[in-house]
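# Model the structure of this input:
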Amino acid sequence: MPTAGPPGMLSPFYRKHRKEPRLDRRAVIFDMDGVLVDSYSAHFAAWQRLGAQLGRSISEAEFASVFGRRNREIIQRFWGDLVPEGDVAAWSDRKESMYREILLKDFLAMDGVGELLDALKAAGFALAIGSSGPPENIEAVLDGLGRQRFFDAVTGGLEVAHGKPDPEVFLLTARKLGLPPHRCAVIEDSVHGLEAARRAGAVPIALAGTAPHDRLAEWADLVVDSLRELSPRRIADLIDRTPPLTKP
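Sure, this is the predicted structure:
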């Protein structure tokens with residue numbers, strides 16, 4: 001069996017057998033929440049339920065300020081840094097269980113996502129997910145979309161040591177795809193996610209909805225209001241004009 005390395009690192013087996021980066025291919029890495037699935041309300045409701053159980057109210061403004069961050073960071077923001085380690089993990093698991101229950105009762109795929117995925121696949125793009133969510137959430141969304149085997153690579157929050165805006169999740173996903181980051185477009189709806197994509201050297205595309213246009217435009221090469229505004233040709237043009245990230 002291949003041996004696993006530290007979180008966010010590729011195992012020796014994977015490094016040996018992975019494909020070398022190819023410059024003739026392109027990829028699109030999708031954030032999950034707010035890009036593949038309209039999960040904002042389900043996440044907010046789950047955090048509100050958890051807060052009610054633990055005696056703390058959580059406003060939508062508070063939630064919006066941390067949407068897209070890892071649960072550990074959100075718990076530290078809402079309850080402070082003194083929460084015992086065991087409680088952080090237990091609270092996170094409880095919140096995610098409530099989230100999946102809420103989400104699957106009324107699954108809402110983002111408008112146009114099925115058509116865009118099909119068009120990109122037909123055009124020869126590699127497809128991937130780079131999410132802060134746990135594997136159970138990713139599996140639930142793939143089931144809801146009916147595309148369990150559609151993606152060439154999937155990276156979840158448990159695989160990385162640092163959450164967005166750190167670029168680790170997108171760097172790891174690009175390596176899994178065997179592509180340099182500048183050959184990958186990243187579709188994100190959060191400022192943290194777009195910053196992570198930019199810092200990775202990928203092509204950041206913003207889907208408006210959970211953050212103001214002007215905030216998204218600070219990090220994105222393109223801001224759209226709907227996935228229906230995107231096409232394989234439009235994404236390919238953005239990728240093809242993006243040079244590799246140069247290190248200072």
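
# Give me the residues contacting the helix or strand hosting Ser92.
Under the criterion of DSSP states H and E, Ser92 resides in helix 85-105. With CB atoms under 8 Å, 6 or more residues apart in numbering as the test, helix 85-105 has contacts from 37, 39, 42-43, 45-47, 49-50, 53-54, 71-72, 75-76, 83, 133-134, 136-137, 140-141, 144. For every residue, glycine as well, the C-beta is placed using N, CA and C.

# State the next helix or strand along the chain beyond it.
Where DSSP H and E defines the elements, the next helix or strand beyond helix 85-105 is helix 113-122.

# Give me the next element, helix or strand, following that next one.
Of the helices and strands lying after helix 113-122 in sequence (DSSP H and E), the nearest is strand 126-130.

# Report the inter-axis angle for that following strand versus helix 113-122.
130 degrees (axes from the mean of the first three to the mean of the last three CA atoms, to 10 degrees).

# Show me where this structure has its strands.
Ranges of strands in the chain, per DSSP state E, are 27-30, 126-130, 153-155, 184-188, 203-207, 222-224.

# Could you list the domains of the chain?
The record's domain parsing of the chain by automatic domain parsing lists 21-38+108-240, 40-105.

# Could you dump those domains into a markdown table and include mean neighbour count and distance to Thr246?
Shown next, in a markdown table, are the domains of the chain (neighbours: other CB atoms under 10 Å; distance: least, CB to CB, whole Å):
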| stretch | mean neighbour count | distance to Thr246 |
| --- | --- | --- |
| domain 21-38+108-240 | 20 | 9 |
| domain 40-105 | 16 | 27 |
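
# any chance of these in JSON lines, plus mean pLDDT?
Output for these, formatted as JSON lines (pLDDT from 0 to 100):
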{"stretch": "domain 21-38+108-240", "mean pLDDT": "94"}
{"stretch": "domain 40-105", "mean pLDDT": "92"}
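
# mind listing the helices for the chain?
For the chain, the helices defined by DSSP state H occupy 12-17, 40-53, 60-66, 71-79, 85-105, 113-122, 135-145, 168-177, 191-200, 213-217, 232-240.

# other SSEs contacting the second one?
Okay, so that is helix 40-53. helix 60-66, helix 71-79, helix 85-105 (3 or more CB pairs under 8 Å, 6 or more residues apart in numbering; DSSP states H and E).

# can we see that at 7 Å?
Applying 3 or more CB pairs under 7 Å, 6 or more residues apart in numbering; DSSP states H and E, one finds that helix 40-53 makes contact with helix 60-66, helix 85-105.

# Dump these to CSV, plus distance to His162.
Output for the helices and strands packed on helix 40-53, formatted as CSV (distance: least, CB to CB, whole Å):
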stretch, distance to His162
helix 60-66, 16
helix 85-105, 16
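
# between those, which gets nearest to Asp152?
helix 85-105 (24.2 Å; CB to CB).

# For stretch 135-151, give me every contacting residue.
Identification of contacts with stretch 135-151 by CB atoms under 7 Å, 6 or more residues apart in numbering yields 32, 36-37, 96, 99-100, 103-104, 107, 109, 117, 127-129, 131, 154, 156, 158.

# starting at the chain centroid, how far to it?
Chain-centre distance of stretch 135-151: 13 Å, with CA atoms, centre = their mean, to the nearest Å.

# Might you report the residue contacts of the nearest residue to Glu73 once chain neighbours are set aside?
Spatial nearest neighbour of Glu73, excluding adjacent residues (CB to CB, 6 or more residues apart in numbering): Gly163 at 6.1 Å. Gly163 is in contact with Arg69, Arg70, Glu73, Ser132, Gly157, counting by CB under 7 Å, 6+ apart.
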